[in-house]
Structure formats: structure tokens, C-alpha cells
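# Here is the input, now give the coordinates:
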Amino acid sequence: MRRTFQKSIFALILCAGISTQSFAAAKLFQFLAEESGVTELLTKKGFDVEASKVASEKIRLSLMKLSPAQGKVPTQAEVTKVLSTIEDKADRAEAMKIVKLLDTDSDKVSREELEKAIANLIYIADRHGLSSFNSLSCSTCAADVLAKNGITASENTIDDPTVVKSIEKVKKNYKTKNQLQNFIKKGMRSSKLGTFNAAKVAKEDEVALAVLVDLSKSGTPAHKDVIQAMAKMSTDDKGRVNLLGSGHKMYRIFAENVDTTKLPEWTARFERVAKIRKSENLDVKDAFYKSLEEDIEATTDATKKAQMQSAYDDIKTSNCLFE
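Model (predicted):
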């Protein structure tokens with residue numbers, strides 16, 4: 001989704017020491033612990049080249065989040081220790097499935113098992129890792145290269161220090177699903193963002209939503225302006241704010257590593273969408289696309305116009321921003 005956000009509006013990702021001959025004898029962890037090993041394994045399991053490359057990077061980053069030594073890939077025992085101490089029962093149960101699979105001969109792991117394990121590893125390492133305070137997990141959209149290969153989770157490294165501070169606060173203070181959802185529920189109510197509906201939010205996106213809720217109180221004026229404008233465009237037919245009931249996923253914006261200098265542009269975009277909705281009685285999706293169409297139409301430079309049209313087509317095809 002990050003690529004979609006960045007491209008859309010502003011101009012409109014062979015195991016060393018493990019030979020192919022020893023493939024069948026190697027445990028899954030041995031392959032995942034080496035970048036070339038991941039690529040070899042995923043290719044053998046039928047993943048396309050681009051997905052193998054992106055997944056390899058995400059797996060390595062995820063393993064490093066589980067390492068007691070910062071910047072180093074952990075041992076299998078270290079991974080097992082961290083995953084076995086996760087406080088949330090449901091996440092710990094999924095984590096222990098990963099532990100079991102990591103100790104399985106790689107040739108006995110099915111493509112489907114690998115897809116699910118990678119997605120869960122990305123999510124769990126980001127949610128419960130020892131060093132995951134500068135990243136946010138997110139669900140993948142249908143057009144994402146990982147999603148096309150059956151992997152339903154990804155993660156992004158975040159540069160904005162204000163967002164990083166919020167991520168750390170959320171991850172340290174709300175370690176279980178109930179704790180996190182209670183924080184979101186109360187925060188949405190106090191910030192007048194509508195009612196929390198767990199069914200509307202993928203587990204991979206819950207921390208991103210919690211960060212948005214936290215930033216509505218602790219963020220800079222620029223962060224708060226974006227959130228207020230988002231709320232303004234997310235109203236129902238009676239004018240009540242319903243962030244999770246307006247058909248969009250813009251609440252994931254801070255999981256996209258948005259350039260802080262672009263925050264005012266997001267604010268302006270959301271405010272404009274709100275005005276279009278009111279004047280033309282459109283839903284958020286149609287009003288959002290209309291605002292982009294108007295920008296394209298108003299552009300006289302042929303090269304820029306073509307770039308904007310391509311970006312517009314890209315986000316409409318991927319549909320990452322909407323349900």
C-alpha cells in the first residue's frame with residue numbers, strides 16, 4: 001500500500017552454506033535465516049521473482065525484530081524464546097505454529113503453509129518484536145506483489161519521529177488484543193472519530209489505527225489537522241463522524257511513512273473531499289476520485305498530466321485505499 005500512497009497523489013521491496021542438493025534435509029529456519037536461502041526456497045515453492053525478493057526482505061527484517069542483539073539475525077532458539085512469551089493468547093498460539101513450522105524439513109512445508117507462516121511472522125514480529133518501534137504492519141491490498149502471491153501482511157519502516165514515538169507507546173502499553181482494542185474504542189470516542197468496529201479492521205492494521213487515535217491527542221498540529229480533516233470527510237448521512245463506516249482505509253495513513261512535509265497536502269485533500277461530498281452528495285470513494293479527476297483535468301502540462309493519469313489509474317486498479 002505504501003507504493004500506492006506515494007505514487008498516487010504526489011505525482012498523482014541460494015542460501016550460503018546450504019546447497020540445492022541438501023535442500024530436502026534443511027529445516028525451514030535455515031533457509032529463512034539467509035536472504036539467498038529465502039529466495040531459493042520461495043522460488044522452488046512457486047513464488048514469482050519479485051515476490052520472492054520482497055518477501056525475503058520482509059522475512060529478514062521480521063527475524064531481526066525478534067533478535068536480542070539489535071541488527072543481527074537471531075538463532076532459532078532465540079526466536080522460539082521470544083515467540084513463546086507473547087502475552088496475547090491468540091497471537092501466541094499462531095506464533096507457536098510458526099515455531100513448529102520453522103523446525104520442519106523445508107521440503108515438507110507446503111506453499112499454503114509458507115504463505116500463512118510468512119504473513120503471520122511479519123505481523124507477529126512487528127506487533128510483539130523486541131525492536132519494532134519504528135515500523136508498522138499493514139494488511140496487503142489485492143494489487144500488492146505479496147498479496148498476489150498469497151501473503152496477506154506487510155510492514156513499513158517509519159521515519160517520522162512523532163509517529164515512531166506513538167508506535168512505541170502503543171506497542172509497549174497495549175500488548176494484548178483486548179488492551180489494544182479498548183484503547184482504540186475509548187480513544188475514538190473521546191476524539192469524536194466514531195464507533196470502533198473490530199470487524200472493519202484487519203488485525204494487521206489495528207496498531208496503525210491505534211497510532212492514529214493516539215496522534216489525534218499527542219501529534220503535532222500537522223498530524224492533528226490531517227486526522228480532523230479525515231474525520232470531516234468521514235460522515236454519515238446525518239452528519240455524524242463514522243471513520244470506520246465510510247468505506248475507506250485512510251486511517252492507515254501513518255503506516256505509510258508519509259513525508260511530514262506532505263501532511264498539509266493530505267489535509268487539503270481530505271477537506272476537499274468533504275466539500276465535494278457535501279455539494280454533490282457522493283460517498284467518500286467517489287468524491288476522492290472526483291478530486292483527483294479535477295486535478296488531472298486542470299493540468300495543462302502534457303507530461304505531468306500523463307503522469308497524474310497513470311497514478312490515478314494505478315490507485316483505482318489497486319483499490320488499496322478503499323474497502
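# CA only for contacts and neighbour counts going forward, please
Noted.
# what number of residues lie near residue 192?
17 (other C-alpha atoms under 10 Å).
# got the contact list for it?
Taking C-alpha atoms under 8 Å, 6 or more residues apart in numbering, we find residue 192 in contact with residue 241.
# Remind me which helix or strand it belongs to.
Following DSSP states H and E, there is no helix or strand that holds residue 192.
# go on, residue 208?
Assessed by DSSP H and E, residue 208 sits inside helix 206-218.
# Residue 112 - how many residues pack around it?
Residue 112: 11 surrounding residues under other C-alpha under 10 Å.
# who's in contact with it?
Residue 112 neighbours (C-alpha under 8 Å, 6+ apart): residue 150.
# from what I can see, it looks like it's in a helix, true?
Yes: with DSSP: H, G, I helix; E, B strand; the rest coil as the criterion, residue 112 is located in a helix.
# how much space between it and residue 256?
Distance of residue 112 to residue 256, given as C-alpha to C-alpha, to the nearest Å: 28 Å.
# again, but for residue 175
22 Å.
# Between those two, which is the more surrounded one?
residue 256 (23 against 15).
# correct me, but that one touches residue 154?
No: in this structure, residue 256 is not within contact of residue 154 by C-alpha atoms under 8 Å, at 11.0 Å.
# Give me the below-cutoff pLDDT ranges for the chain.
By pLDDT under 70, the weakly predicted segments of the chain are 1-25.
# From what I see, residue 180 and residue 174 are in contact.
Yes: Residue 180 lies in contact with residue 174 (C-alpha under 8 Å); the separation is 5.0 Å.
# can you map out the helices along the stretch 51-200 of the chain?
Along the stretch 51-200 of the chain, counting by DSSP state H, counting those that start in this stretch, helices occupy 76-83, 89-102, 111-128, 145-148, 161-173, 177-190.
# Please identify which of these is closest to residue 44.
Comparison of the helices of the stretch 51-200 of the chain against residue 44 by C-alpha to C-alpha identifies helix 111-128 as nearest, at 9.5 Å.
# got the buried residues for the closest one?
111, 114-128 (16 or more other C-alpha atoms under 10 Å).
# Could you export stretch 151-160 as PDB, CA atoms only?
C-alpha atoms of stretch 151-160 as PDB (Å, rounded to 0.1, in the frame of the first residue of the first chain):
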ATOM      1  CA  ILE A 151       0.900 -13.200   1.600                       C
ATOM      2  CA  THR A 152      -1.600 -11.100   3.400                       C
ATOM      3  CA  ALA A 153       0.700  -8.900   5.600                       C
ATOM      4  CA  SER A 154       3.500  -6.400   5.100                       C
ATOM      5  CA  GLU A 155       5.300  -3.800   7.100                       C
ATOM      6  CA  ASN A 156       6.800  -0.400   6.600                       C
ATOM      7  CA  THR A 157       9.700   1.300   8.400                       C
ATOM      8  CA  ILE A 158       8.600   4.700   9.700                       C
ATOM      9  CA  ASP A 159      10.800   7.800   9.700                       C
ATOM     10  CA  ASP A 160       8.600  10.400  11.300                       C
END
